[in-house]
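Asker: the sequence isn't on hand, but the structure is:
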């Protein structure tokens, strides 16, 4: 099992602890400082490794041999939410508002979904 020491890895470590399998997995676990190192490990692997990382990072490594098998079940998943707003008094307020409108448009949602963003 391979995962990072950042927020994704902290979540995975807590999950295996809650499941009561942390001690059994520890000898079979490799941790790296960041997602890129995890995905590099998986890309160089023999196809028997299982890794955990952000969906967007896994999708980005698809051309390097890393395959997204699927997300964790929603009841144990960790989600990151983003918000956008335009500052009304900003120098480029109109452009900022147009960009925020674009981010919520169907074509932008499709483009984001292709990179693993729900």
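Answerer: Happy to help now that I have it. Please read these numbers as outputs of a predicted model, since none were measured by experiment. Residues are numbered from 1 along each chain as shown.

Asker: mind pulling up the pLDDT for residue 88?
Answerer: Per-residue pLDDT puts residue 88 at 81.

Asker: burial of it, as a residue count?
Answerer: Residue crowding around residue 88 was assessed by other Cβ atoms under 10 Å; the count is 8. No exception for glycine: its C-beta is placed from N, CA and C like everyone else's.

Asker: who are the neighbours in contact with it?
Answerer: With contacts defined as Cβ atoms under 8 Å, 6 or more residues apart in numbering, residue 88 is in contact with no residue.

Asker: please begin residue numbering at 27 from this point
Answerer: Let's use 27 as the start, then, which means that last one is residue 114.

Asker: what about it, distance to residue 123?
Answerer: Per Cβ to Cβ, to the nearest Å, residue 114 is found 9 Å from residue 123.

Asker: same deal with residue 37?
Answerer: The separation that residue 37 has from residue 123, given Cβ to Cβ, amounts to 34 Å.

Asker: quick check: which ranges of the chain have low pLDDT?
Answerer: Counting by pLDDT under 70, the chain contains no low-confidence range.

Asker: how about the helices of it, start to end?
Answerer: Assigned by DSSP state H, the chain shows helices spanning 33-44, 48-51, 61-70, 81-86, 119-129, 132-139.

Asker: would you mind giving the domain segments of this structure?
Answerer: Using automatic domain parsing, the domains assigned to the chain come out as 28-102, 108-144.

Asker: return the most buried member of these.
Answerer: domain 28-102 (a mean of 15; mean count of other Cβ atoms under 10 Å).

Asker: next one: it to chain centre, how far?
Answerer: What separates the centre of domain 28-102 from the centre of its chain is 10 Å, taken as Cα atoms, centre = their mean, to the nearest Å.

Asker: and the helices of the chain: which comes nearest residue 27?
Answerer: Ranking the helices of the chain by proximity to residue 27 (Cβ to Cβ) places helix 48-51 first, at 5.6 Å.
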